[in-house]
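**Q** got a structure for you, letters missing:
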């Protein structure tokens, strides 16, 4: 994440921080993945519907993820400008676990969840975000 994006994200998070809370990692992620098969099917269907005039490919919206020593913050990222648009959620870090890291050609991911909850949050990191992914994975224990 470049300096301007980081500064704007930290400015958005600052009023939400508790006394003594420190931001450890800031990164850009996707919180929902679109499979290659589904993307190809959608593009083919849109090309057929338009008579070959255009093909539409869905893309997940980028999100800002900030991890402090106590919580995870998620903001919707504005795709045109560097600023965070909307605070989506705050998750307490205590008790969170993660799945194994799943490596792909262009990205990697893991699922973050609470042990008492069946639902998880799939966090997809772009290829350039491996350092941030490793920093987050280092502090979240593997699910047993």
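**A** Everything's here; your move. This one's a predicted model, so the numbers in the text were calculated from it and none came from an experiment.

**Q** now the helices for the protein?
**A** 3-13, 36-49, 130-139 (DSSP state H).

**Q** need the least confident one among these, by mean pLDDT.
**A** With a mean of 63, helix 36-49 has the lowest mean pLDDT of those.

**Q** Confidence-wise, which helix or strand of the protein is lowest on average?
**A** helix 36-49 (a mean of 63; mean pLDDT, DSSP states H and E).

**Q** what residue ranges in this protein score low on pLDDT?
**A** Counting by pLDDT under 70, the chain has low-confidence residues at 32-47, 49-50, 52-60.

**Q** ok, the residue positioned nearest the centre of it - contacts?
**A** By Cα atoms, centre = their mean, the chain has its centre lying nearest to residue 29, at 2.9 Å. By Cβ atoms under 8 Å, 6 or more residues apart in numbering, the contact set of residue 29 is 62, 63, 64, 65, 123, 124, 125, 126, 129. C-beta coordinates here come from the backbone N, C-alpha and C atoms, glycine included.

**Q** Much appreciated, bye for now.
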